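Visitor: Okay, here's the prediction I keep looking at, along with the sequence it came from:
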Amino acid sequence: MLNYITDLLVVGGSLAGLAAAITAKEENPDLEVLLVEKYTTGYAGKANRGAGIMDMIGNSAPEDYVKYHTHYIGEYLNDQDALRQYANKLDEGVALLDKWSGGKIDKNEDGTFKTLKWLAQITGEDENGKRTFDEPDHFPWTLVCVELDYLINVRRYAQKAGIKIVDRVGVVDLLKDQDRISGAVGYNIDTEEQVVFSAKAVLLATGSQNYRVMPMWSPGRGEGLAAAWRAGAQFRNCEFGSFYNWTSLDNFESSMGVEFALYNDKGVNVGAPLCQGEHPDVDARSLAECYKQVMAGNGPMHYHQDENPLMPYLTSCLASNSYFNRPYADDFWGRLFFNAYTQQLSDVVIPGLIGEFSGLKVDLDFATTVPGLYAAGDICYGGSATAGAVPPPPGRVRGSGLAFAQYSGRIAGAKAAEYAKNAAQGQISNNDVREIDQRFMAPKNGNGTVKVMDFIPEIHKVIQPLGNSLYRKEDRILRAIDRIEELKKAVVNVKADDAHNLFGVNEIHSMLICAELFFRSSLLRKETRGWFQREDYPERDDSVIKWYTMQNIDGKMVSGEEIVPIDRYVYKPAPITD
């Protein structure tokens, strides 16, 4: 067994964790900051697997961003104070990420950041043969592009700042001294060696729960969420953990803009009518329409790519150097698109569950309800209520994933460091460490016969279908909960003969906890709001807008509710009239 003693323990080595560690160390040089990552810091997580686009306010006003986001995206379920704090720090975050990464954000010749708004349309070419675009006023924000290898430089920056990094150790549970955090327990993913961390404060930046359905998002396995749940932290907005994207069974790659050119099997475009007006990104209504069409016998669904208005935009931003200059990203996206399109045998598309369950509740300082425990990034995006009635990120705003990870990491890192400076080292209970070891090692010491990768598809059968997780109805939700309960009992039959499978079983526990939270919270919201769609409650209810919470109390999922303080917020829904 290895032991580490530190002031601040950051769990997770992607952008949110690195941003937290860097901020904590730079603002408090004497503070001992230790970052632990299950795989390899700078290569892990989702932050270097996406489009490499990041929100920036640019020439717009932060308050316009808050107003737009609240009305069109969050649908008044936002914490408007949190959203305003976020909007006001977006541009600062872009500048800092460029600094940490050694200039990896693309720039104009004069050194200013090169930006392009979402849904911009091609207007021609400049004197260098680069495409030019209009800059529509639809959205009060813009986007910058960062090279996809930028996190390696961010890791180097963190190490130069004096941050200690422990790779290939996965944290599986938290330790408490009475009611406050005192450390964590992890295991080496290669050797199974137990590692105990003693810390004055712990910051979780371990990502969301994505259920291992869609390949790009597979690193989000919810282990930090499950650890926080077992530690008694409160959760919020768990019902907004079902983001879908359009994909093909031939390649399982996401296709953006499908809803604009979504046809049923009768040749009718059923998506475009739902995408009129302000529409930043994938709309839940088009996915619900897919469910309705298939149930009515009008499936399968087809994607007419040549009618997608985003295609020139996407190829300019992601897979060519005709606008942004990102050699590494150009090569990556070029290969990805080439492989995806050459493998695709038909125009049939299906909804692919990404998930993005991110319900760990945090306040404006990114503190959880457990003293000494903080969070940053995807693990708490939904629980922060910053985005409102969407499963973030990206919810319906591309570029928000990187932006929120960097922003929340900075805030959480600074506040966690401040807490650690004033806290004493907590006590580590040997009994607690032993109980965690017994739980984690049980699949190896038991008599299970089921393989990890044979069990996970059983979870997929519950969480993937649109009728369970997006276009919901009470009877289907209840059946899903019953099946999750059955699977919770069946986990004892899963075997693990090495460290990787031990972590696989731990991930199964995490998936089941998150799925149960999702479905039980879905029962509570009896309305349709944003990405939350109920077949049996098709109208939005603005009479009393609520956040629903869940908490582990003596091993039971106990629900609660908080009234959204609309009366004191700046932006309010239109008054209800008869």
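Guide: Everything's here; your move.
Visitor: where along the stretch 401-550 of the chain do the strands fall?
Guide: Taking DSSP state E, counting those that start in this stretch as the test, the strands found in the stretch 401-550 of the chain are 471-472, 533-534, 546-553.
Visitor: Summarise which helices and strands the last one is packed against.
Guide: The criterion is 3 or more Cβ pairs under 8 Å, 6 or more residues apart in numbering; DSSP states H and E, and the helices and strands that strand 546-553 contacts are strand 235-236, helix 499-524, strand 556-563. The C-beta positions use only the backbone N, C-alpha and C, and glycine is treated the same way.
Visitor: ok, the residue most central in space within the chain - contacts?
Guide: The residue lying closest to the centre of the chain (Cα atoms, centre = their mean) is Asp378, at 3.7 Å. Counting by Cβ atoms under 8 Å, 6 or more residues apart in numbering, Asp378 makes contact with 16, 46, 207-208, 220, 356, 358, 392-393, 401, 404-405.
Visitor: now the residues you listed in CSV, with secondary structure?
Guide: Shown next, in CSV, are those (DSSP: H, G, I helix; E, B strand; the rest coil):
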residue, secondary structure
Ala16, helix
Lys46, coil
Gly207, coil
Ser208, coil
Gly220, coil
Glu356, coil
Ser358, coil
Pro392, coil
Pro393, coil
Gly401, helix
Phe404, helix
Ala405, helix
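Visitor: out of the residues you listed, which is most surrounded?
Guide: Ala16 (36 neighbours; other Cβ atoms under 10 Å).
Visitor: Show the contacting residues for that one.
Guide: 45, 47, 205, 376-379, 405-406, 408-409, 412.
Visitor: neighbouring contacts of the lowest-mean-pLDDT helix or strand in the chain?
Guide: Within the chain, no helix or strand scores below helix 311-317, which has a mean of 76 by mean pLDDT, DSSP states H and E. Taking contacts as Cβ under 8 Å, 6+ apart, the residues outside helix 311-317 that touch it are 51, 53, 116, 119-122, 131, 133, 143, 145, 256-257, 305, 322-324, 337.
Visitor: same thing but at 10 Å, please
Guide: By Cβ atoms under 10 Å, 6 or more residues apart in numbering, the residues outside helix 311-317 that reach it are 51-53, 116-122, 130-131, 133, 143, 145, 255-257, 260-261, 305, 308, 310, 320, 322-324, 326, 329, 333-334, 337, 398.
Visitor: Also stretch 534-542?
Guide: The list of residues contacting stretch 534-542 from outside it, by Cβ under 10 Å, 6+ apart, reads 75-76, 239, 288, 291-292, 389, 467, 471-477, 522-523, 525-530, 532, 566, 572-576.
Visitor: Go again with 8 Å.
Guide: Residues contacting stretch 534-542 (Cβ under 8 Å, 6+ apart): 75-76, 471-474, 525-529, 573-574, 576.
Visitor: measure stretch 20-33 end to end?
Guide: From its first residue to its last, stretch 20-33 covers 10 Å (Cα to Cα, to the nearest Å).
Visitor: cool, stretch 117-131 as well?
Guide: Its first and final residues considered, stretch 117-131 spans 14 Å by Cα to Cα.
Visitor: ditto for stretch 122-138
Guide: Counting by Cα to Cα, you get 16 Å between the two ends of stretch 122-138.
Visitor: Quick check: the gap between Gln305 and Asp126.
Guide: Between Gln305 and Asp126 the computed distance is 27 Å (Cβ to Cβ, to the nearest Å).
Visitor: ok, these two, which is more surrounded?
Guide: The neighbour count for Gln305 versus Asp126, taken as other Cβ under 10 Å, is higher for Gln305 (15 against 10).
Visitor: in terms of contact, does that one touch Asp347 like I think?
Guide: Yes - using Cβ atoms under 8 Å, Gln305 is in contact with Asp347, at 7.3 Å.
Visitor: rewinding a little: and the contacts of stretch 534-542, which of them are in helices?
Guide: Glu474 (DSSP state H).
Visitor: What subset of the contacts of stretch 534-542 is buried?
Guide: For the contacts of stretch 534-542, a burial check counting by 16 or more other Cβ atoms under 10 Å picks out 75-76, 471-473, 525, 527-529.
Visitor: sorry, back to before: apply the buried test to the contacts of helix 311-317 and list what passes.
Guide: With burial judged by 16+ other Cβ under 10 Å, the buried subset of the contacts of helix 311-317 is 51-53, 116-120, 131, 133, 143, 145, 255-257, 260-261, 308, 310, 320, 322-324, 326, 329, 333, 337, 398.
Visitor: Now do the host helix or strand of Gly183: which elements does it pack against?
Guide: Take DSSP states H and E as the rule and Gly183 turns out to sit in strand 180-188. Judged by 3+ Cβ pairs under 8 Å, 6+ apart, the packing partners of strand 180-188 are strand 2-11, strand 169-177, strand 194-204, helix 430-445, helix 499-524.
Visitor: again, 10 Å this time
Guide: Packing contacts for strand 180-188, counted by 3 or more Cβ pairs under 10 Å, 6 or more residues apart in numbering; DSSP states H and E, involve strand 2-11, strand 164-167, strand 169-177, strand 194-204, helix 223-230, strand 373-375, helix 430-445, helix 499-524.
Visitor: So which of those is the most surrounded?
Guide: With neighbours defined as mean count of other Cβ atoms under 10 Å, the helices and strands packed on strand 180-188 peak in mean count at strand 373-375, which reaches a mean of 31.
Visitor: buried set for the helix or strand following that one?
Guide: Using DSSP H and E, the helix or strand that follows strand 373-375 in sequence is helix 381-384. Using 16+ other Cβ under 10 Å as the test for burial, helix 381-384 gives 381-384.
Visitor: The residue of the chain most remote from its centre and Cys145, how far apart?
Guide: Using Cα atoms, centre = their mean, the residue of the chain lying farthest from its centre is Glu127. It sits 40.0 Å away. As defined by Cβ to Cβ, Glu127 lies at a distance of 21 Å from Cys145.
Visitor: ok, back up a step: with distance to Trp547 and pLDDT as extra columns, can I get the contacts of stretch 534-542 in CSV?
Guide: Listed next are the contacts of stretch 534-542 as CSV, based on distance: Cβ to Cβ, whole Å; pLDDT from 0 to 100:
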residue, distance to Trp547, pLDDT
Glu75, 13, 95
Tyr76, 11, 97
Tyr471, 22, 98
Arg472, 18, 98
Lys473, 22, 98
Glu474, 20, 98
Arg525, 10, 98
Lys526, 14, 98
Glu527, 13, 98
Thr528, 16, 97
Arg529, 11, 96
Pro573, 15, 96
Ala574, 21, 86
Ile576, 20, 53
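Visitor: Adding distance to Thr368, write the contacts of stretch 534-542 out as TSV.
Guide: Converted to TSV, these look like this (distance: Cβ to Cβ, whole Å):
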residue	distance to Thr368
Glu75	25
Tyr76	24
Tyr471	31
Arg472	27
Lys473	32
Glu474	31
Arg525	22
Lys526	27
Glu527	27
Thr528	29
Arg529	25
Pro573	29
Ala574	34
Ile576	35
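Visitor: wait, which of the contacts of stretch 534-542 is closest to Val154?
Guide: Proximity of the contacts of stretch 534-542 to Val154 was ranked by Cβ to Cβ; the top entry is Glu75 with 34.0 Å.
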